Structure formats: C-alpha cells, structure tokens
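In: Would you be able to build a 3D model of this:
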Amino acid sequence: MPAALCHNADFTTTKGQIGTCADGEVEGEFQVSCPEGEIALEPVFVQTWTNNPDGTISGLTGWTLLNDGDCLTAVDLAPLAEVEFQRLTIAPSPVTVQPPDGWTLVNIETITYTSPTPQTFATTLLGIPVTIEATPATYTWDYDDGTTPTQTTDPGAPYPDQSVFHTYSDEGTATITLGTTWEGRFQITGTSSWTPITGTALTTATAPPLTIYEARSRLVTDPLD
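Out: Numbering: from 1, shown residues only. Here you go, the predicted model:
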C-alpha cells in the first residue's frame, strides 16, 4: 500500500503516513534536491506489526518515512560497483592464431592476437541505473611448450603487422591459452563522468590444438616426374 506524502507548503517538513494529512499539510509528490553530480535515492517507508501465535497480527502502525532520500555520489556507489564487477560474465578475449589451419612449423613465428574491444553492461546499484565498462588491461599468452608465458599490454595484430608471436623449437602439439586481465569503470546513467572500479577481473580462452611440424630438406632425383 503506498504511503501518502504530507508536507507543508514550502516542503520544509515531509512525512509518510496512511490516511489524511494534518491541518496545514497537503499531499504531493516527494521531492529531493541534490547538488550537481549527485543523484537522489528513493525515500524508504517502514511499517511495523506483531505476529501473534494464532496467525493474526496486532499493533499495526502506519507507514513512517525512514529515509527521506539521500543524495549519493559515484564515490558512494564505488564499493557496490566493485562487487558487481566481480559478478559480471565477461566474454573471454578471442584467440586468433596464424598460420590459421591448425598447424605451424618449428623455428618460424607463430602469430597470436586478440581484440582489445571493451565490454559494457547495464545494471543497477541501490536501484540507480549504471553502466559498467570492462576494458582489457594485460594479456598473458601460454604457448604450452614449457616456456615462460608472455605477458603484454599489446593485443597483437595479424600478419604482416604482427607484434605478438612465439617460435616453437620442437615438433608436437600445443594448446595456446590466453588469460586477459580486465579493468573496470562505471557511470551513473544520465551523467558524463566515469569512476574507476578497484580490482580486476580475469578471463581465460584457449585456441584449438595446434600441431607443430619440422620442415626437413630431402634430396630427390631430378627431374621430378
């Protein structure tokens, strides 16, 4: 049941109640005025009663205005944004390998790269609509041959502009894994400023198995038939 909002003519006093407003008060829309850059929370009303053993209730009170609407800044929402950031389902960075057909050669550059595109998510914090943005910060490439993984802030690029690559020294198979560390920031809907989120998120993606061959020179009869 909604609560009536009773106030005097200049809105200097406001209360929540069920029923008729007192003399000198009128019912109207609740108003909260916040400074620029802040946003108002909705007012909170409470009602109390006692549950009796026979299933009835007693002592039912009218609705009381518990919180007349706080003004919050993005900094106030930052701890909640940090928790929400860890709950997000961030799509792992895609893994692209060149040569592209599932094989490569010993002693040549095997090129790897990914997309640095940020991801955005719409959610609410304390009922306030916000946008959270996750942006790739670092990439860790594990080439599955016992060498130390490569960590970089460079997403790489395809041939002939490759900047992230690996050279295998032995034949075999390998499954390349990419771990991406994401940084976050959030924005209250309707505002223009972004607030950084403390902490990072991690996603992991793997490429299909890669077969590594060694190219060998062979003497053959000339001419070839």
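In: What ranges does the protein have for its helices?
Out: For the chain, the helices defined by DSSP state H cover 74-87.
In: ok, A81 to I128 distance?
Out: Distance of A81 to I128, computed by CB to CB, to the nearest Å: 10 Å. C-betas here are computed from N, CA, C, even on glycine.
In: The two: who's more crowded?
Out: The residue with more neighbours, out of A81 and I128 and counting by other CB atoms under 10 Å, is A81; that gives 23 against 19.
In: Hmm, that one is touching L125, no?
Out: Yes - shown here, A81 and L125 form a contact pair, counting by CB atoms under 8 Å, at 6.2 Å.
In: gap between the top strand by length along the chain and the chain center?
Out: In the chain, assigned by DSSP state E, the strand with the most residues is strand 128-142. Distance of strand 128-142 from the chain centroid (CA atoms, centre = their mean, to the nearest Å) equals 6 Å.
In: What residues sit buried inside it?
Out: 128, 130, 132-134, 136, 139, 141-142 (16 or more other CB atoms under 10 Å).
In: okay, now D161: neighbour count?
Out: With other CB under 10 Å as criterion, D161 counts 9.
In: and what of the one 4 residues further on?
Out: Summarising burial for F165: neighbours were counted as other CB under 10 Å, giving 18.
In: who does it bridge with?
Out: I111 (DSSP bridges).
In: What of C71?
Out: Residues in beta-bridge contact with C71 (DSSP bridges): A40.
In: That one and C34 touch, don't they?
Out: Yes - judged on CB under 8 Å, C71 makes contact with C34 at a distance of 3.7 Å.
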